[in-house]
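Trainee: Take this sequence and fold it.
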Amino acid sequence: MKPTPAKPAGLASNGAPPQRDGNDGTASAFEAALDCIISITHEGIITGFNAAAERTFGHRRDEVLGKELAATIVPPAYREPHRKGLARYLATGEGPILDRRIELTALRADGTEFPIELSVTRVPTSGPPMFTAFLRDISERKQAEEALRVRHEHGHLIADISARLVLRGTDGERESADGLLTSVFAGVARHLNAEYYFNFAVGDEPDTLRLVSCAGLNGDARAALGRIRYGEHLCGIVAQTRKPVVIKDMQHCGFPNAAALCAMGATAYAGYPMVVGDRLIGTISFATSRRPCFSPEDLELIQSVANLLAAAVERDRLDRALRLRATQFATLVNEAPLGVYLVDTDLRFMHANPTAMEMFGEIPDLIGRDFEQTIHLLWPDEHADEIVAIFRRTLETGEPYASPERAECRKDLNTIEYYEWQANRITLPDGRYGVVCYFRNLAGQVLARNAITMSEARYRTLVTVITDVPWTMDTGGCFHTQQPSWTSYTGQTWEESRATGWVNALHPDDRATIQQEYADSRAARTIFQSRWRLWHNPTQSYRRVNVRATPLSGLGGEVEQWVGSCTDVENQLQADDQLRAAESKFRAIADNIPQLA
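Mentor: The predicted structure is shown next:
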């Protein structure tokens, strides 16, 4: 025979709840228990129903005592299995759910189903068996688990998109920006279970958008949206205001611009601007008829994707500009009658244009050769030593050198030649220094009239990795849930960043100003935009980030939370600084070249 389990505290010997006569301490414990306690007979009839059960299931005790448990709190789909399980136990003494903690679905008085954690024990009696069930509503735990699961999925999706943006074009043909956006949006729409999505880019004409990609529209509808003006349709409102438009009830939202989507049966909509700095890049929007609304986690994902892709489009624009300038530089260098060559930190030839190659004449395999050795092949030792010394000094100090007109005998040709030249230090792609030399043969060469622009090789230091750190705050400016992306970027633990602890990741000189700016935005309920210096744990340094946060309102119109993100722009800003410095340097070089004439 199976051992008889001990009788739970708070139950009478017959399995019924203790009488509440004010003198029995177990009766008080039964009523004060935080978990639901329900007692039933061997026929499944309810004999005990404590206060927690009343609150959880919405039934009054006097309404359910004497009723069948299955018909009261068990969903219809599970009632018959419940009855059969009870009958099987009475016949065989075997009960698979006894003395175990399991998760099931229960039914409230209003007909809604919810998850519970259940433990059932048999109460020892001299007559037929009786049972006591201990139940706990685990809806909040399940919701938290689901939110965490969704956040992890979103995090993986963002990581995949980031990797694709970084690696695109490294293997085979470079994917176009429009093609990349189309495939990324299709993947995000599948993840959101949204059958409609729209991606617009800023058009060529002022205040217009052009449709890049969409889903869920027929040919005529797609053609009608091919080009729209700011303010037209919901996407046009997003572009015009540069603010998100989030609609939870499309059929009753009151937006006249939403009529077309309502006609297609859409129930929820979320549209976000794609912005880099002060520049509008485009808009992204998702709509669905498969769910009543987009969750806060979904909105975080959409905003993060908008920020990532806006930065990717901007990077693509900068990359095209770099390639164009590199082409212009190559054209100027290679077609100019001015000779140009470059040596590295070890004084070995890295590059020489056609005019320079003519000057070096019959010397084979010039690129990679030792500069000092090569110069001594061309000029007398005294003049060659002077040239090498000048190159070394320029390399070490950064001091430019401009040679006056000079006649020297070429040792290899035994002829008198006339040259003037200039040497400048330059930063190489690997971060080290080199020396670039400009020269012309006064015997027949013509001084180049155009400035020499920067080379692509020097300025390819623009880092292509995009880091986005999404986060949420409550209306008091506090982290109220764990922020995995924030932790990964700043290194702050949850205990360090929770509440207002996140402020400690900001640069000390910025904290007071940023807190005041953020407080002003929260008070005005406007989008918050700023630039912070945020601690970056992997590099152990403060890095500049663009910050954007949006207030999300509940059904009553009150702001419930703020959703924001930090986009790392440190490398882009450094690249911009390099670009401006290089332009200034080469412009100065070019301005000085005519003085050699």
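
Trainee: Could you use CA atoms for every contact and neighbour count after this?
Mentor: Noted.

Trainee: Count the residues that sit near the residue nearest to A32 when sequence neighbours are not counted.
Mentor: Spatial nearest neighbour of A32, chain neighbours left out: A51 (7.4 Å); criterion: C-alpha to C-alpha, 6 or more residues apart in numbering. A51 sits with 18 neighbouring residues when counted by other C-alpha atoms under 10 Å.

Trainee: isn't A51 right next to I38, touching?
Mentor: No: using C-alpha atoms under 8 Å as the test, A51 is too far from I38 to be in contact (10.1 Å).

Trainee: remind me, longest helix of the protein?
Mentor: Counting by DSSP state H, the longest helix found in the chain is helix 296-335.

Trainee: so what does it touch, helix or strand wise?
Mentor: Packing contacts for helix 296-335, counted by 3 or more C-alpha pairs under 8 Å, 6 or more residues apart in numbering; DSSP states H and E, involve helix 139-167, helix 177-192, strand 268-276, strand 279-288, helix 354-360, strand 468-473, strand 559-568.

Trainee: looking at those, which is buried most?
Mentor: Highest mean neighbour count among those (mean count of other C-alpha atoms under 10 Å): strand 268-276, with a mean of 25.

Trainee: For that one, enumerate the helices and strands it packs against.
Mentor: With contacts taken as 3+ C-alpha pairs under 8 Å, 6+ apart, strand 268-276 sits against helix 233-241, strand 245-247, strand 279-288, helix 296-335.

Trainee: and the angle from the longest helix of the chain to strand 468-473?
Mentor: 150 degrees (axes from the mean of the first three to the mean of the last three C-alpha atoms, to 10 degrees).

Trainee: Of the helices and strands packed on helix 296-335, which is nearest Y401?
Mentor: Nearest to Y401, of all the helices and strands packed on helix 296-335, is helix 354-360, at 18.3 Å by C-alpha to C-alpha.

Trainee: Mind giving me the packing neighbours of the closest one?
Mentor: helix 296-335, strand 339-343.

Trainee: could I get the ones you listed as JSON lines with mean neighbour count, mean pLDDT and distance to A389?
Mentor: Putting those into JSON lines (neighbours: other C-alpha atoms under 10 Å; pLDDT from 0 to 100; distance: least, C-alpha to C-alpha, whole Å) gives the following:
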{"stretch": "helix 296-335", "mean neighbour count": "19", "mean pLDDT": "74", "distance to A389": "25"}
{"stretch": "strand 339-343", "mean neighbour count": "24", "mean pLDDT": "86", "distance to A389": "14"}
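
Trainee: follow-up on the earlier one: now the angle from the longest helix of the chain to strand 268-276?
Mentor: 30 degrees.

Trainee: what's the spacing between helix 296-335 and its chain's center?
Mentor: Helix 296-335 sits 16 Å away from the centroid of its parent chain (C-alpha atoms, centre = their mean, to the nearest Å).

Trainee: would JSON lines of the helices and strands packed on helix 354-360 with distance to K67 be doable?
Mentor: Shown next, in JSON lines, are those (distance: least, C-alpha to C-alpha, whole Å):
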{"stretch": "helix 296-335", "distance to K67": "41"}
{"stretch": "strand 339-343", "distance to K67": "94"}
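
Trainee: Out of the ones you listed, which is closest to S497?
Mentor: It's helix 296-335; of the helices and strands packed on helix 354-360, that one is closest to S497 (C-alpha to C-alpha) at 18.9 Å.

Trainee: before we move on, the earlier item: quick one: closest of the helices and strands packed on helix 296-335 to E405.
Mentor: Closest approach to E405 among the helices and strands packed on helix 296-335 (C-alpha to C-alpha): helix 354-360, 16.4 Å.

Trainee: Pull out the buried residues from the following helix or strand past that closest one.
Mentor: Once the chain leaves helix 354-360, the next helix or strand it forms, by DSSP states H and E, is helix 371-378. Applying a neighbour-count criterion of 16 or more other C-alpha atoms under 10 Å, the buried positions in helix 371-378 are F371, E372, T374, I375, H376, L378.

Trainee: rewinding a little: wait, which of the helices and strands packed on helix 354-360 is closest to L217?
Mentor: Nearest of these (C-alpha to C-alpha): helix 296-335, 20.5 Å.

Trainee: Okay, angle between the closest one and helix 139-167 too, please.
Mentor: In terms of direction (the same axes, to 10 degrees), helix 296-335 departs from helix 139-167 by 10 degrees.

Trainee: For stretch 548-562, what does the pLDDT average out to?
Mentor: Mean pLDDT, computed over stretch 548-562, is 79.

Trainee: Would you indicate which residues of that stretch are buried?
Mentor: For stretch 548-562, burial by neighbour count (16+ other C-alpha under 10 Å) applies to R548, A549, T550, P551, L552, V559, Q561, W562.

Trainee: quick one: which of those residues is nearest to L225?
Mentor: L225 lies nearest to T550 out of those, by C-alpha to C-alpha, at 27.0 Å.

Trainee: Output the contacting helices and strands for the helix or strand L573 falls within.
Mentor: Using DSSP H and E, L573 maps to helix 570-592. Packing partners of helix 570-592 (3+ C-alpha pairs under 8 Å, 6+ apart): strand 541-553.

Trainee: Okay, angle between the strand it packs on and strand 468-473 too, please.
Mentor: Computed by the same axes, to 10 degrees, the angle between strand 541-553 and strand 468-473 is 50 degrees.

Trainee: Could you list every helix and strand in contact with strand 541-553?
Mentor: Helices and strands touching strand 541-553, by 3+ C-alpha pairs under 8 Å, 6+ apart, are strand 528-536, strand 559-568, helix 570-592.

Trainee: Which stretch among these is buried most, on average?
Mentor: With neighbours defined as mean count of other C-alpha under 10 Å, those peak in mean count at strand 559-568, which reaches a mean of 21.

Trainee: from the chain's centre, how far out does the helix holding L573 sit?
Mentor: For helix 570-592 - counting by C-alpha atoms, centre = their mean - the centre lies 30 Å from the chain centre.

Trainee: low-confidence ranges in this structure?
Mentor: Within the chain, the segments meeting pLDDT under 70 span 1-27, 29, 162-181, 325-337, 442-467, 555-556, 588-597.

Trainee: residue contacts, K142?
Mentor: Residues near K142 by C-alpha atoms under 8 Å, 6 or more residues apart in numbering: P115.

Trainee: switch the cut-off to 10 Å
Mentor: By C-alpha atoms under 10 Å, 6 or more residues apart in numbering, the residues touching K142 are F114, P115, I116, L148.

Trainee: Which one of these is nearest to P400?
Mentor: Looking across the contacts of K142 and measuring by C-alpha to C-alpha, the closest to P400 is L148, at 59.6 Å.

Trainee: picking that back up, narrow the contacts of K142 to those in helices?
Mentor: Taking DSSP H as the definition of helices, the contacts of K142 contribute L148.

Trainee: can you pick the most crowded of the contacts of K142?
Mentor: I116 (19 neighbours).

Trainee: so that residue makes contact with L135?
Mentor: Yes: with contact defined as C-alpha atoms under 10 Å, I116 counts as touching L135 (6.4 Å).

Trainee: so what's in contact with the two at the same time?
Mentor: Taking C-alpha under 10 Å, 6+ apart as the contact rule, I116 and L135 both touch I102, E103, L104, A106.
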